[in-house]
Structure formats: structure tokens, C-alpha cells
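**Q** Any chance you could fold what I've pasted below:
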Amino acid sequence: MTHAIRIHQHGNADVLRWEPIEVGEPGVGEVRLKQTACGLNFIDVYQRDGLYPVGDLPAVLGMEAAGVIEAVGEGVVGLAVGDRVAYPMCLGAYAEVRLIAADKLVTLPESVSEQQAAAIMLKGLTAHYLLFRSYPVQPGDAILVYAAAGGVGLLLSQWAKHLGASVIGCVGSEEKAELARANGCDEVIMYRSENIPQRVRELTDGEGVAAAYDSVGKATFMDSLDSLRPFGVMVSYGNASGPVEPFSPAILAPKGSLYVTRPTLATHIATRELLDEGANRLLGAVTDGLLHIQINQQYPLAEAAQAHRDLEARKTTGSTVLTV
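**A** Have a look, this model is predicted:
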């Protein structure tokens, strides 16, 4: 009998249950995957508490993992038993074994471990679309990165620095500031004690940033807008402080003819071509040493509830992996 973390109702971390589940044989186009590591992401919290619906309950949470294929269904091409693979954005990752569509999987190079892959597939592909699609960063651009010591933030800052950007990170403690500086941030703003737009103007000689990558949401939305240069792009991609409240687009004009976008990774990997483009670039950056993966917390999958509590309490930095 295999086990998974499931929810039977929405709520706080106490609703997460470690339960036995049945996993059958893979159907047409599917594989059975024995997972070795699962990623932890804020989207898991949003789905657990009901902000993002997951459909019928009970449901297995989790959106990214890595492991080894142990059975292949009819019609699967290019994958075989024993292959090491990973995936992002597929609900049901908090499990020891699962069935999954083969076209959602990415084969791992020898240079990337399963734990590393579980730590970066969702976060790294998020950093990819932020930097290459939501606002394509150019050499010399100044950008603002919230949660710069978090899983996405560390990858985003490192990658942006490699692209030639000047990176300003927002963090909540001196410990996180040191981590952000060591991973690509040229400057760090302590958001609890400093005025973000004011500091951004000081650090950019009054100009503002080309893009604000904001995963915080409600609490920082206006600060992000007020930190942008004319024609700047506000990329709101998370709700750590709650959903952004409705606003009038008319406020964007006097602030500098600004742009606002609310992307999601699901759109950016919706086709095999998009997934391959992002995954190849991401795994290549890791292999080439451009991105250093910070797995700073590990928990047994059965203890996912504690991992959720620590994530929500801002006790984590970098990536967190749930081991199977």
C-alpha cells in the first residue's frame, strides 16, 4: 500500500492527512511514477485553504515532484521504465507513487538530481517566464524582486544578474538579506522598516525599475506600481499577503503609462513546445552552473503539515523539498 497527503476539507495545515491510497496500472498515455522528492510551493497553501479550487475532495495536494518511472502505459513514446523524470503544475504530487500523463514529464540530465529537480521545476519555470516572457529583462535594466530569499526569488535574482540586470531584492530579515546578496541581489530593501518606493528611487537615481516581480500581492501592489519607471511593468504573480484588491486602470496613466500583468505558469507550459523551451533553458542553466539551487529545508512527505506551517510563518528560505 502506498501513501499520500490528502485533504478532505479546506483549512489550515491541520487538514493535511497522511493516508493510504490505491494506485493502479497506467492507462493510455500514462506512466506510473515512483516519486523520490516533492516540491513545496505557496500554490499548495492556496489550494489547501481554498483560494485556488482543486475540484472534488478528498484531493491529493502538491504541484511538482521528481522520481523514477516504474511502469509505462500504452501509447507512451520516448519514455521507459527506469527513466528519471520531473514535472511542474500537475496536482497530486504529494504521493509516494502516482499515475501521470507522460506528456507532462521532463527527462532529467545526469547533472540534475531528483531532489534538485523537485526543488526547481515549478519555481525555476516561473523564474523563466518572468524573465523571458512577462518582462524580457535587458542588460542594464533595474528590477525589483520580492521575497528575494525565497525559492523563486533566489533563482530569479541569480538568473537576472546573469542577464545583466541590476537586481534590487525585498526581504524581511538581515539573515535573508545576506542570502539575497549572495545570490544576485545588488541591493536589498528591508520591507518591514524601509519605504519601498522611496528606497527604489534612491537606488535608481530617481528613475525607478523596469519591472517589479511581486509575489506578495495585496500588501505591496501599490508600492510596486510606485517603484516603476515610465512604461514599467508590474508583474503580479502571487498572493502571499492576500489577493490584490480591485483597482481602476486609470491610475496607471499618471504613474507613467504603466503596464500590469497577472501571469500563471500553467499558461506558459500549456503546450509541449512551451514546456520544452522553458525546461531546456532551465536545466541547461543549472548544468552550466548559472543557477545554484538552494534546498534549505527538507521534511519527510508525511510531515507536510509542518512544512506548510513553516512556509506560512516565513521561516523558510530558498527551496523546500518533501522527501519520499
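**Q** in what helix or strand does the residue nearest the centre of the chain lie?
**A** The residue lying closest to the centre of the chain (Cα atoms, centre = their mean) is residue 123, at 2.9 Å. For residue 123, the host element (DSSP states H and E) is helix 114-129.
**Q** Specify the local secondary structure of residue 36.
**A** strand (DSSP: H, G, I helix; E, B strand; the rest coil).
**Q** Am I right that it is in contact with residue 66?
**A** Yes: between residue 36 and residue 66 there is a contact under Cβ atoms under 8 Å: 6.3 Å. Any C-beta I mention is one placed from the backbone N, CA and C, and that applies to glycine too.
**Q** So which of the two has more stuff around it?
**A** residue 66 (30 against 20; other Cβ atoms under 10 Å).
**Q** can you map out the helices along the stretch 101-250 of the chain?
**A** Ranges of helices in the stretch 101-250 of the chain, per DSSP state H, counting those that start in this stretch, are 114-129, 151-162, 174-181, 196-203, 221-225.
**Q** Please convert those helices to CSV, extending it with mean pLDDT and distance to residue 188.
**A** Listed next are those as CSV, based on pLDDT from 0 to 100; distance: least, Cβ to Cβ, whole Å:
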stretch, mean pLDDT, distance to residue 188
helix 114-129, 96, 18
helix 151-162, 96, 10
helix 174-181, 95, 4
helix 196-203, 97, 10
helix 221-225, 96, 15
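**Q** Could you work out which of these reaches nearest to residue 168?
**A** The stretch from the helices of the stretch 101-250 of the chain with the least distance to residue 168 (Cβ to Cβ) is helix 196-203; that distance is 5.9 Å.
**Q** Which secondary structure elements does that closest one sit against?
**A** strand 142-145, strand 166-171, strand 187-190, helix 221-225 (3 or more Cβ pairs under 8 Å, 6 or more residues apart in numbering; DSSP states H and E).
**Q** try 7 Å this time
**A** If you count contacts as 3 or more Cβ pairs under 7 Å, 6 or more residues apart in numbering; DSSP states H and E, helix 196-203 packs onto strand 166-171, strand 187-190.
**Q** which of those strands sits most buried?
**A** strand 166-171 (a mean of 27; mean count of other Cβ atoms under 10 Å).
**Q** name the helices or strands packed onto that strand?
**A** Checked by 3+ Cβ pairs under 7 Å, 6+ apart, strand 166-171 has strand 142-145, helix 151-162, helix 174-181, strand 187-190, helix 196-203 packed alongside it.
**Q** Deepest-packed of the ones you listed, please.
**A** strand 142-145 (a mean of 28).
**Q** I'd like to know which elements it is packed against.
**A** helix 151-162, strand 166-171, strand 209-214.
**Q** who wins for proximity to residue 15 among these?
**A** helix 151-162 (23.0 Å).
**Q** Which stretches in the stretch 1-150 of the chain count as strands?
**A** Taking DSSP state E, counting those that start in this stretch as the test, the strands found in the stretch 1-150 of the chain are 2-7, 17-21, 30-39, 59-60, 65-72, 84-87, 97-101, 106-107, 142-145.
**Q** ugh, wrong one, I meant the stretch 201-324 of the chain
**A** 209-214, 228-236, 259-261, 295-300, 319-323.
**Q** need those in JSON lines with mean neighbour count, can you?
**A** Listed next are the strands of the stretch 201-324 of the chain as JSON lines, based on neighbours: other Cβ atoms under 10 Å:
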{"stretch": "strand 209-214", "mean neighbour count": "28"}
{"stretch": "strand 228-236", "mean neighbour count": "21"}
{"stretch": "strand 259-261", "mean neighbour count": "16"}
{"stretch": "strand 295-300", "mean neighbour count": "16"}
{"stretch": "strand 319-323", "mean neighbour count": "23"}
